[in-house]
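Trainee: structure for this input, please:
(chains A, B, C and D, ligands or ions: 4)
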Amino acid sequence: MPGPFISDEQVAYARTLARDITEPIFGHIDKHTTVSVERTVLRWFGVEGVGAMGAPLVNLMVDRLQAAGVLNRGAAYWYGRALKMGASSPLDAVERLTAAPLEKLAPLPAAEEAAMKDEVRAEARAAVAELKARVAKRNALREEFPMGPAPHKYVIVATGNIYDDVDQARAAAQAGADVIAVIRSTAQSLLDYVPHGATTEGYGGTYATQENFRIMREALDDESKKLKRYVQLTNYSSGLCMAEIAFAAAWERLDMLLNDAMYGILFRDINLRRTFIDQYFSRRICALAGIIINTGEDNYITTADAYDAAHTVITSQFINERFAHRAGLKDWQLGIGHSYEIDPHRPDTLLLELSQAMLVRRCFPDAPLKYMPPTKHKETDIFFSHAYDVMADLVAVWTNQGIQLLGMMTEAMHTPLLADRYVALKAASYIHRAAKGIDREFTVREDGLIANRARAVWERAVKLLEECKADGMVAAIGRGRFGDVKRTETGGKGLEGVLERAKDYFNPFLEELESAK
Amino acid sequence: MPGPFISDEQVAYARTLARDITEPIFGHIDKHTTVSVERTVLRWFGVEGVGAMGAPLVNLMVDRLQAAGVLNRGAAYWYGRALKMGASSPLDAVERLTAAPLEKLAPLPAAEEAAMKDEVRAEARAAVAELKARVAKRNALREEFPMGPAPHKYVIVATGNIYDDVDQARAAAQAGADVIAVIRSTAQSLLDYVPHGATTEGYGGTYATQENFRIMREALDDESKKLKRYVQLTNYSSGLCMAEIAFAAAWERLDMLLNDAMYGILFRDINLRRTFIDQYFSRRICALAGIIINTGEDNYITTADAYDAAHTVITSQFINERFAHRAGLKDWQLGIGHSYEIDPHRPDTLLLELSQAMLVRRCFPDAPLKYMPPTKHKETDIFFSHAYDVMADLVAVWTNQGIQLLGMMTEAMHTPLLADRYVALKAASYIHRAAKGIDREFTVREDGLIANRARAVWERAVKLLEECKADGMVAAIGRGRFGDVKRTETGGKGLEGVLERAKDYFNPFLEELESAK
Amino acid sequence: MAAGTPIRAYGDRRDDGVIQLSFTLPVPLSEKAKEAAKLFCQKLGLTEVKVAAAERAADNYTFFIAYAKTHVALDWAAIDTPELVIKKLGFDDLNALIEKEVGRRVVVFGACTGTDTHTVGIDAILNMKGFSGDYGLERYPWFEAFNLGSQVPNAELIRRAALKNADAVLVSQVVTQRDVHKDNSRQFIEEAKKAGVDKKMTLLLGGPRVDHKLALELGFHAGFGPGTKPSDVANFIVHQVLQRMGKEQRGQHWEGEPR
Amino acid sequence: MAAGTPIRAYGDRRDDGVIQLSFTLPVPLSEKAKEAAKLFCQKLGLTEVKVAAAERAADNYTFFIAYAKTHVALDWAAIDTPELVIKKLGFDDLNALIEKEVGRRVVVFGACTGTDTHTVGIDAILNMKGFSGDYGLERYPWFEAFNLGSQVPNAELIRRAALKNADAVLVSQVVTQRDVHKDNSRQFIEEAKKAGVDKKMTLLLGGPRVDHKLALELGFHAGFGPGTKPSDVANFIVHQVLQRMGKEQRGQHWEGEPR
Ligand code: B12
Ligand code: B12
Ligand SMILES: Cc1ncc(COP(=O)(O)O)c(C=O)c1O
Ligand SMILES: Cc1ncc(COP(=O)(O)O)c(C=O)c1O
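Mentor: Ligands and ions are numbered 1, 2, ... in the order given. Alright, predicted model coming up:
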């Protein structure tokens, strides 16, 4: 059992701090939108496909609206105007809007505008209903073929080619994987559009596209039926297209998404404001679609030292949690991220890792939690690397992780081979089988190294929360408090895609999402 | 911490039972001797070398004495007589005795006999002193270069060729091994003589010979000095030459010996009486030479099922302990054997293994304990096999094993390659470093699976002790209670080498050994 | 897989030819050692060699882990494996069949011969308890099974089996260092020939490194490897007996799985 | 080892030639698959092949583990490795030497170029903190180090370095899938040639799959692999600067270990 280590009041205090830290950011979020949010709106209306040059239609349209200086009213508004102009289909709407001199378009009379908005709202409601129906279909399949017990064994496929990925994902599912993550091609985070169609050329991963999502989910549906065990699919809702990807994933019935409030800022140098706005909308979609989000605190300790920066993980988790709750996500949807990353050459690392994982469990008792295996200190000696992963398997089952990324013995070399996944799955199954329930066998001593370390980490985590509250998140990020990376409010990519909402900003999806219970 | 699980009174009761079980056997031991014990006596006097046909001189001499029907007075007596006849050297003594018509030799006058015995006693005392001096030299080296912390990592070498073994042992020591075991050639247990000289042809292991012991210890002394860390050496004092090997090992400064009160009976079909007598003398030598013995209960659960037969291990440990204490061994010399052998396809195996190891620790708090890795359920999938071993590493450090045999990833295939040992040592070092002290971090819950299982095993162990007491060891072994193997008192190999001692049986070494404090 | 398609190793993508190797070279760890490891792999015909790890196993030994590609391709259709197909009858049906068709108990002798003492395998086949829930031959009322245990000389096993006119003799070989199992098995076959029982009795070999092909090569009638169940062996032996009696054609087996 | 003695793999005994392999074949698990695996190894020229494990990785994939022997022998003396020998000066001595002999701060630029975002490696070399207790170049008072971070286009890195007349340019490449690191490195060298700086500046490549030999092949002046310490790089660069200044002979290095 994870100890108390700390009192319930202390945990509650951290939550208050997180609320106070995020409130001012919501002040900002509520006043802004981004090109990506607006593209998401259009996608949801059914604007699909790419233009002549291969650019997605939603990009063409939103760029047009932005160039015309009118995007701040919301793409939905202009979509409505296009319908008014007689557009017969979303595609047609795009064409009409792209052609029209929007700057000069006269405002509609108030009543007409209200009627138009109602019409658009109705269409949005229908689109939301359709999304819900798709999600319901997914949920029905999940009920028909119940998932295996947690920790859910999560493995990645990353061939660069969606068809090879399918091959590998099926094999992984057969070997016992509960969750398949399709890793994205390197630097997709920085693309300010979502590539289109099935793709077969990526580096270090496969492009996240709606069609790729569809292809993979279809294969996994098939495999789930064969195995009589639902196999989950996840991808990345990160980077400049956070919200669009969340939508595509929801539509294609994905089960989880990597989605973090700060990852893009820190690790992709994406503008801070842009990230906060996008993540909010993306999370609203996840909340609706019953998608579990996985946060990315584990990344902090691949750049910063895992022992020294342990507290930053905890601090960030509370902030991520608050952002998530504010976006309507329930506890069961919070795959809060942490990892087994302390340098294995140090003494006591199993105790230290148990301490950290238990502390996280103590703070977030109702969240599934997402546990990452060692990566940074992995060696090219695959036998050592395998032994090292096995210890992470043990901590995962000990602390009842909901989602466990399996370490790969070739982590320090290449993206996993088919056999690497097999080896990892076999070992994890053994450890889970062998050790399940170990948490109920032992009581952790409050005077031991584990408890003392947990309290020390906790203290620093609370201090950092207090600093974030006192000086603001922006200042804290500016000081490199998270992941040893410093970012400024106006630096990074994508700021040009952030717009202040007009007074009459119109986004019927946001209305729907925010009013959903 | 290993729980209490059971009360101190319960543990004390088991010890009483073990005493009651072994007492009758000592009645038998004290009245008998064996060819192997007598050969040991001669070796200790310095009778070395082999005769024309390659048979060791001690065998020639003892066989001669036995053929003449006079061995029951003790080889030492006849050795004395040979001296009396003018033998100038041990070798000369052998020749004289072999030539003389012993049956017809007239008894000595009482005074002369007493004088002769005193002389022989003096020589024996000198020989004992020399042995002690050799042991002191070993101990000095151990003090100069302290050993690494426990669990001591124990690996085997088994090339069949002592010179290859040296190569591999040095490599293993450099890679972190604390103990080197030279595995014996298959079926050496059944040889009623100890092969002579350096050997280079063995199957599944290398012959245990005094010269091989010397060669290996010399190499390890050298390596210990280089590494500034004493590396221990062990071999097998088992089979038909238990006592002789114990002597050779003590003389050549070995640190440990595999030595079990029942192993030969059960696994080598060696006669029960023979075994009990030989083990007593061999253990007396170990006691004197500060050799740690390793018992062989782990073997029971390679033939019987490890889950079902768990209690037989505990029962046997108490019996082995009692035999050992009776032979003068101190607790620090008791490498009581057990192992991680439960079928890994079962659920809860880590909990079950922890339970068993904790129970053993609970019963024998002051013994170093010898822990064996999984062997029987090892797979040829080396990656799985490695992960499986890692869990045994964890249990070993958790329960503070003194001596830990490292599992080899190729266990299900072949005797270890050089690289296999390297891989095992690296993993075990990591686990020991990562988890050391974990026993002090947790309190085991008395109402959990671990504690309940420990109590269930305990109950059956005590029942079996009670059965052994009520019906005698012979009956229990006859029913296949240990290792699922049935043996009878007069079955098995080597009974012809057991003799009732004559009233005037003379064995000055035994006198020395039994009077040593 | 489509007939005729060559088969290649699969690492990350179909037919990429990626394999993993590990080996030890008797050289101290150095850049030169790593280069040697690369050359070593190249001499094996491998390309795109990545010497992933070079570990100091000892002062003069380096342990290497490498990943590389091979062009090796196999013609699946051309691979020939004498596969032992055993479609089995269940326990009761098999006993009933022996009663009806053979009309007497089938006699088998088994042992772990030579210097081998690993009895767990042969016990699994012969003893009551059997193996993973499958009863051993002793449990079959219509079998008469003699398990001579371990370290039995080949000649002794044959002598005892001949005395009882055994239908089958089962040899278990577990220790394989320097092919001692093959040497001992060949010696068994020689003894069987000498005693003239090799044509009369069904000679079976088993053990962790035994397969049907190897056993045939060594002169046995069948070979049984890891995971063998007693019922596999029981069924095979009954077929052999019926075939010797002329009641069944060579190579026949029952369809379907045992009940 | 005696000169001229051929080197062979060492498993259990000297020169036994034993190696371990693992690979996946796109076939379902069966006896035939095991035979295929054996043939596969034999086609690699291996003998005494033992297919130790055949694991059902998926319905149509089998993962094999094999042990076998190879005749491959290497001539140790003939192996050629351009080894980068760096006998180093310590932190203070190196700074003092720059002050005295170069008389100005040594300027270096570094980045993770192309689409690579793995900055931990280049940070370890350049940032204050350094790597495993060894200070990074920023910490050296007589170095002026610019770390441009990740995802920097090659041309941009060269442009910035040229503006400051840098002494050395450091390129880090971590992602290597389908040799993207080699392609990107070649492109860097082309850009450097285009900009005419390839003769003027010391061009260094580093990363987990980089070695000195590869870097030379790609056109860099040196390559640094896993475990590189900043002081290795600092010392190497200072030598290069002194050599360019004509103050030191090509290929020279200081004797002894740093204090
Ligand atoms: C248990 C065991 C022992 C026990 C044996 C107890 C006993 N009475 O059997 C003890 C501890 C005594 C022992 C001793 C030794 N062992 Co041992 N032992 C093992 C171990 C751990 C398990 C073997 C086992 O029981 N497997 C389970 C059974 C059910 O599987 P199986 O034998 O394959 O049988 C199945 C099939 O093969 C088949 N089958 C088998 N025989 C037959 C016969 C017929 C006719 C048929 C139809 C089918 C059949 O059916 C069975 C059921 O499916 C293995 C390692 C391993 N995990 O494999 C080492 C192992 C076999 N032992 C080994 C060695 C070297 C020894 C020693 C020689 C070491 C020494 N020098 O002291 C000694 C001496 C033994 C000797 N003289 O033969 C080596 C052999 C190396 C090699 N390939 O040559 C191994 C592989 C360990 C290692 N890696 O070094 N051992
Ligand atoms: C940390 C990490 C990340 C972090 C990076 C954070 C950051 N800002 O650097 C995050 C989580 C963001 C990340 C992301 C990705 N990663 Co990454 N990551 C790693 C990881 C775990 C550790 C790398 C590391 O930091 N090593 C420690 C440093 C100190 O070592 P080093 O880089 O070798 O540097 C030393 C030397 O090589 C040398 N050196 C290095 N550069 C230079 C340069 C010069 C001039 C000199 C002199 C010396 C020198 O000195 C250093 C000190 O000794 C590795 C796995 C592993 N254990 O290796 C994967 C790994 C490198 N990542 C990988 C991949 C595929 C990715 C992604 C592309 C996945 C995806 N599709 O999303 C993304 C995107 C990254 C991108 N676009 O480049 C793969 C690469 C596969 C391959 N061989 O092509 C790896 C191997 C993981 C795997 N097995 O799949 N990753
Ligand atoms: C939250 C989050 N998003 C995204 C990614 C993947 O990287 P990217 O999409 O930036 O290439 C990660 C990687 O671990 C992550 O944790
Ligand atoms: C106590 C004991 N003696 C001896 C041996 C070795 O076997 P043998 O010497 O009988 O070949 C073992 C094997 O584990 C053992 O445990």
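Trainee: next up, the contacts around the residue lying closest to C:G130 once chain neighbours are set aside.
Mentor: By the measure of C-beta to C-beta, 6 or more residues apart in numbering or on different chains, the closest residue to C:G130 outside its immediate chain neighbours is C:G136, 3.9 Å from it. (Glycine included, C-beta is placed from N, CA and C.) By C-beta atoms under 8 Å, 6 or more residues apart in numbering or on different chains, the contact set of C:G136 is C:123-130, C:145, C:230.
Trainee: can you rerun that using 10 Å?
Mentor: Going by C-beta atoms under 10 Å, 6 or more residues apart in numbering or on different chains, C:G136 touches C:122-130, C:143, C:145, C:147, C:229-231, C:233-234.
Trainee: do C:N95 as well
Mentor: Neighbouring residues of C:N95 by C-beta under 10 Å, 6+ apart: C:89, C:105-106, C:139-143, C:234, C:238.
Trainee: in what helix or strand does it lie?
Mentor: Taking DSSP states H and E as the criterion, C:N95 maps to helix C:91-97.
Trainee: same thing with C:K50?
Mentor: Counting by DSSP H and E, C:K50 is part of strand C:47-58.
Trainee: buried subset of the contacts of C:G136?
Mentor: With neighbours counted using 16 or more other C-beta atoms under 10 Å in any protein chain shown, the contacts of C:G136 contain these buried positions: C:122-127, C:129-130, C:143, C:145, C:147, C:229-231, C:233-234.
Trainee: so which of those residues are in strands?
Mentor: C:143, C:145, C:147 (DSSP state E).
Trainee: reformat those as CSV; add distance to ligand 2.
Mentor: Below are these laid out as CSV (distance: C-beta to the nearest ligand atom, whole Å):
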residue, distance to ligand 2
C:F143, 55
C:A145, 54
C:N147, 52
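Trainee: of those, closest to chain B?
Mentor: Taking C-beta to the nearest C-beta as the measure, chain B lies nearest C:N147 of those, at 12.5 Å.
Trainee: can you pull the contacts of that closest one?
Mentor: Going by C-beta under 10 Å, 6+ apart, C:N147 touches C:108-112, C:119, C:122-123, C:125-127, C:136-138, C:170, C:172.
Trainee: ditto for A:A187
Mentor: Contact partners of A:A187, counting by C-beta under 10 Å, 6+ apart, are A:203-205, A:239, A:268, D:114-117, D:150-151, D:175.
Trainee: and A:K370, what are its bridge partners?
Mentor: Per DSSP bridges, the residues bridged to A:K370 are A:G337, A:I403.
Trainee: that one reaches A:H152, doesn't it?
Mentor: Yes: A:K370 lies in contact with A:H152 (C-beta atoms under 10 Å); the separation is 9.4 Å.
Trainee: of those two, which one has the most company?
Mentor: Comparing A:K370 with A:H152 by other C-beta atoms under 10 Å in any protein chain shown, the one with more neighbours is A:K370, at 31 against 24.
Trainee: what pLDDT is listed against that one?
Mentor: At A:K370, the model reports a pLDDT of 98.
Trainee: residues contacting it?
Mentor: Neighbouring residues of A:K370 by C-beta under 10 Å, 6+ apart: A:151-152, A:154, A:179, A:234, A:256, A:258, A:292-298, A:334-339, A:396, A:401-405.
Trainee: buried ones in the helix holding C:N95?
Mentor: C:91, C:94-95, C:97.
Trainee: pull the CA atoms of that helix into CSV?
Mentor: C-alpha atoms of helix C:91-97 as CSV (Å, rounded to 0.1, in the frame of the first residue of the first chain):
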residue,chain,number,x,y,z
PHE,C,91,-7.3,-42.3,-22.3
ASP,C,92,-10.3,-44.6,-22.1
ASP,C,93,-10.6,-45.0,-25.9
LEU,C,94,-7.0,-45.9,-26.2
ASN,C,95,-7.2,-48.5,-23.4
ALA,C,96,-10.4,-49.9,-25.0
LEU,C,97,-8.7,-50.2,-28.3
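Trainee: what pLDDT, on average, does that helix get?
Mentor: Per-residue pLDDT over helix C:91-97 has a mean of 95.
Trainee: return the distance of it from the chain's centre.
Mentor: When distances are taken as C-alpha atoms, centre = their mean, to the nearest Å, helix C:91-97 is centred 26 Å away from the chain's centroid.
Trainee: and the residue sitting furthest away from the middle of chain C, how far from ligand 4?
Mentor: Relative to the centre of chain C, and counting by C-alpha atoms, centre = their mean, the farthest-placed residue is C:E31 at 42.4 Å. Separation of C:E31 from ligand 4 (C-beta to the nearest ligand atom, to the nearest Å) stands at 43 Å.
Trainee: that residue and D:L214 touch, don't they?
Mentor: No: under the criterion of C-beta under 10 Å, C:E31 is not in contact with D:L214, lying 11.8 Å apart.
Trainee: tell me which helix or strand of chain A sits lowest on mean pLDDT?
Mentor: Across the helices and strands of chain A, mean confidence by mean pLDDT, DSSP states H and E is lowest for helix A:90-99: a mean of 81.
Trainee: residues contacting the closest residue to A:D484 other than its chain neighbours?
Mentor: Once flanking residues are discounted, A:D484 sits nearest to A:A304: 4.2 Å by C-beta to C-beta, 6+ apart. A:A304 makes contact with A:310, A:312-313, A:341, A:480-485, D:120, according to C-beta under 10 Å, 6+ apart.
Trainee: can you name the residues bridging to the closest residue to A:A169 other than its chain neighbours?
Mentor: Nearest residue to A:A169, sequence neighbours excluded (C-beta to C-beta, 6+ apart): A:I180, at 4.5 Å. Note on A:I180: beta-bridge partners by DSSP bridges are A:V155, A:L233.
Trainee: quick one: A:I180 and A:R142, what's the gap?
Mentor: A:I180 sits 15 Å away from A:R142, going by C-beta to C-beta, to the nearest Å.
Trainee: also C:T5?
Mentor: Distance of C:T5 to A:R142, given as C-beta to C-beta: 37 Å.
Trainee: neighbour count for those two, which is higher?
Mentor: Shown here are C:T5 and A:R142; by other C-beta under 10 Å, A:R142 has more neighbours (16 against 13).
Trainee: which residues of the stretch 51-200 of chain C lie near chain D?
Mentor: C:51-53, C:57, C:60-66, C:70-76, C:78-85, C:176-179 (C-beta under 10 Å from any C-beta of the partner chain).
Trainee: out of those, which are buried?
Mentor: C:51-53, C:57, C:60-66, C:70, C:72, C:74, C:76, C:79, C:81, C:84, C:176-177.
Trainee: just the ones of those in strands?
Mentor: Judged by DSSP E, strands contain the following of those: C:51-53, C:57, C:61-66, C:74.
Trainee: which helix or strand lies directly C-terminal to the helix or strand hosting C:F188?
Mentor: Element membership for C:F188, per DSSP H and E: helix C:180-194. Counting by DSSP H and E, the next helix or strand C-terminal to helix C:180-194 is strand C:202-206.
Trainee: relative to helix C:180-194, how tilted is that next one?
Mentor: Counting by axes from the mean of the first three to the mean of the last three C-alpha atoms, to 10 degrees, strand C:202-206 lies at 170 degrees to helix C:180-194.
Trainee: alright, that wraps it up for me.
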